[in-house]
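In: Task: produce atomic coordinates for the following.
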Amino acid sequence: MTRVLVLNTGSSSLKYRLFDGEETVTKGLVEEVEDHEEALREAVGGLPLDNLDAVGHRVVHGGADFTAPTLIDDDVVRTIERLIPLAPLHNPANLAGIATARKLLPDVPQVAVFDTAFHSTLPLEASTYAIDTVTARENHIRRYGFHGTSHAYVSRRTAALIGKKPEHTNVITLHLGNGASACAVEGGRSVATSMGLSPLEGLVMGTRSGSLDPAIIFHLHRVGGLSLDEIDDLLNKRSGLRGLAGVSDMREVERRRGEGDEAAALAFAVYTRRIKELVGSYYAVLGRVDAITFTAGVGENAATVRAAALAGLGALGIEVDADRNAAPERGERVVSSTDSRVVVCVVPTDEELEIATQARAVLNG
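Out: As a prediction, this is how the structure comes out:
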């Protein structure tokens, strides 16, 4: 069996999981990290790393340079460094984890697995923004998409759940966590996704606004007097559910909504309507939809979100079964009615297993 250590290095956290094949040997989370090298030394010091075959690193942004998992060398590191302006909060932390792991485990192959890579199959008309092409090219502006490891894993598991091969399956995947994104997967390939140049575009999220009129930014600057940094902070950290309801956790939004809180009710309605709008548009893009799958913290656990997001879509062959949807079961399951032409699924995501799988594929050529 191939032993792979998966590292997800954030700005102040380190998440690790050691796999032997697809089985988890051990896993852990180090929070409030100030020194990534010290944190990683502490984490790997007690791990059984004999016969380790590879280290798989989550890297958020691969730009247009990386369209597949990639064996890390000095040139790859330099390219990821060059992409920092596209992901200034994430790529530096990812690079810190890579540098430390290469130092501590110099004889073990290191593989970068990019959140953006799954979406490299987007057709040009899906990845191109309608701005001046020279300006876009000079500034690397295009739709990149994110949560790629999750969408890849979940779409493949969905195909298995409904008894089809991935290459013959069209799926709309809804990754609904604190960050949220939708993806249209046609025959195993991403053909549309909601996040864009950055993870800010698309669905309403815990603290991010999702899509909005770009003129709002100019208005806030010219009329509201906010600086660009203040607008950045507003849209990324003080918007979404938090901006509408005062809290970013959907569980608390639902609790307050149940108590009659109007702000929470509006936040819930805005959140689920945006999902419904994207489901409809991706249905049009795909032409035929075999399944719609919910995943991540909200998608896997919030039955009310699933029901509201797909309510009224019977004409499209989408019908959620109330009892199945509300049942306490966990794991991979179908929550649509037996009459629904489109199967509605819940599939827990496993991005770390997907990273290990992709790292293993690189080793196997």
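In: Mind checking the pLDDT average for stretch 262-275?
Out: Within the predicted structure, the mean pLDDT of stretch 262-275 is 98.
In: Kindly format the C-alpha coordinates of that stretch as PDB.
Out: Listed next in PDB are the C-alpha coordinates belonging to stretch 262-275 (Å, rounded to 0.1, in the frame of the first residue of the first chain):
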ATOM      1  CA  GLU A 262     -36.500  38.500  10.400                       C
ATOM      2  CA  ALA A 263     -32.800  39.200   9.600                       C
ATOM      3  CA  ALA A 264     -32.100  35.500   9.900                       C
ATOM      4  CA  ALA A 265     -35.100  34.600   7.700                       C
ATOM      5  CA  LEU A 266     -33.900  37.000   5.000                       C
ATOM      6  CA  ALA A 267     -30.300  35.700   5.200                       C
ATOM      7  CA  PHE A 268     -31.600  32.100   4.700                       C
ATOM      8  CA  ALA A 269     -33.800  33.200   1.800                       C
ATOM      9  CA  VAL A 270     -31.000  35.000   0.000                       C
ATOM     10  CA  TYR A 271     -28.600  32.100   0.600                       C
ATOM     11  CA  THR A 272     -30.900  29.400  -0.700                       C
ATOM     12  CA  ARG A 273     -32.200  31.500  -3.700                       C
ATOM     13  CA  ARG A 274     -28.600  32.000  -4.900                       C
ATOM     14  CA  ILE A 275     -28.200  28.300  -4.900                       C
END
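In: Contacts for that stretch, please.
Out: By C-beta atoms under 8 Å, 6 or more residues apart in numbering, the surrounding residues in contact with stretch 262-275 are 174, 176, 182, 202-204, 210-211, 241, 244-247, 250, 253-254, 256-257, 304-305, 308-309. Quick note: C-beta positions are derived from backbone N, CA and C, even for glycine.
In: How far does that stretch sit from its chain's centre?
Out: Mean-position distance between stretch 262-275 and its chain equals 21 Å (C-alpha atoms, centre = their mean, to the nearest Å).
In: which parts of stretch 91-108 are buried?
Out: Residues of stretch 91-108 classed as buried: 91, 93-102, 104-105, 108 (neighbour count, 16 or more other C-beta atoms under 10 Å).
In: no, scratch that, I was asking about stretch 243-256
Out: By neighbour count, with 16+ other C-beta under 10 Å as the criterion, the buried positions of stretch 243-256 are 243-245, 247-248, 250, 253-254, 256.
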